[in-house]
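Asks: This is a predicted model, with the sequence first.
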Amino acid sequence: MHPELLVLILILQGVDPLMCLQCSEHDKDNDNRCPSSSDSYSEWIKSSNRYHDVGSAPEKACTIRVAGNGKVFHQGGVISSTCSNAQSIQYIKQLVDADSGTSGAQFACCYTDGCNWNLEYARQNKTGGDSTTLTAAVPYVLGILAALLVVGLCLLLLWLGACAACCACCACAATDDE
């Protein structure tokens, strides 16, 4: 193989890095605590020890482990094949249950930057970010506007129908008078 080709292959492997959040509650003595529901994503990733390039996206995945009580217990990156290995997933869930003192641990993999912020993002493979009240309300506002539009159109058609019936009656009355 040509050395130039080898260098090009090595460069291209790093072109698509996957950025994952990293924390762990498995070791109670570490300083790398996991986020709570009150933490902000944009503030959380500012810490250099919490957001890492775990490697090339096709070969790697971001992961999240959530204890049975809903608390994020671990965020990190793994080899993608772990995500479809039932034995690995079962072991991870048992480990979280044992270390957290809860039952019903959940595990999810995802493949976009910061998608392991919470379980919902990971399951939707959604890129991490803060959701605001405004962005959360947009679907409801659009639904209400659509409903108002439909009601308005129905009223307009009803009014046009009434006008047409009224005009038809007037035309019949005029014809009868002649």
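Replies: Here it is on my side, so go on.

Asks: which residues of the protein fall in strands?
Replies: Applying DSSP state E to the chain gives strands spanning 17-21, 23-24, 51-56, 60-66, 72-79, 106-110.

Asks: what's next to the shortest one, contact-wise?
Replies: Which is strand 23-24. 30, 32, 33, 34, 35, 50, 72, 73, 74, 75, 76 (CB atoms under 8 Å, 6 or more residues apart in numbering). Quick note: C-beta positions are derived from backbone N, CA and C, even for glycine.

Asks: Any stretches of the protein with poor pLDDT?
Replies: Low-confidence segments of the chain (pLDDT under 70): 1-15, 29, 48, 129-146, 162-178.

Asks: can we see that at 80?
Replies: 1-16, 28-31, 44-45, 47-49, 57-58, 128-178 (pLDDT under 80).

Asks: Which ChimeraX command selects the buried ones in the contacts of strand 23-24?
Replies: To isolate the buried subset of those in ChimeraX, counting by 16 or more other CB atoms under 10 Å, use the following:
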select :34,35,50,72,73,74,75,76
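
Asks: The strands of the chain: which one's closest to residue 117?
Replies: For residue 117, the closest of the strands of the chain is strand 17-21, at 6.1 Å, according to CB to CB.

Asks: returning to what we had before: put together a markdown table for the contacts of strand 23-24, with distance to residue 125 on each row.
Replies: Shown next, in a markdown table, are the contacts of strand 23-24 (distance: CB to CB, whole Å):
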| residue | distance to residue 125 |
| --- | --- |
| 30 | 28 |
| 32 | 24 |
| 33 | 25 |
| 34 | 20 |
| 35 | 19 |
| 50 | 20 |
| 72 | 17 |
| 73 | 20 |
| 74 | 18 |
| 75 | 15 |
| 76 | 16 |
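
Asks: Quickly name whichever of the contacts of strand 23-24 is closest to residue 104.
Replies: Nearest member of these to residue 104, counting by CB to CB, is residue 73, at 11.8 Å.

Asks: wait, what's in contact with the closest one?
Replies: By CB under 8 Å, 6+ apart, the neighbours of residue 73 are 24, 25, 26, 34, 65, 66, 67, 96, 99, 100, 105.

Asks: From residue 75, how far out is the third one?
Replies: Read that as residue 26. Using CB to CB, to the nearest Å, residue 26 is found at 11 Å from residue 75.

Asks: Repeat that for the fourth one.
Replies: Using CB to CB, one obtains 6 Å as the distance from residue 34 to residue 75.

Asks: do residue 102 as well
Replies: 17 Å.

Asks: So what touches stretch 109-124?
Replies: Looking at what lies outside stretch 109-124 - CB under 8 Å, 6+ apart - the contacts are 18-21, 35, 37, 41, 44-45, 51, 57, 61-64, 66, 72, 75-76, 78, 80, 82-83, 106, 108, 125-129.

Asks: All set now, cheers.
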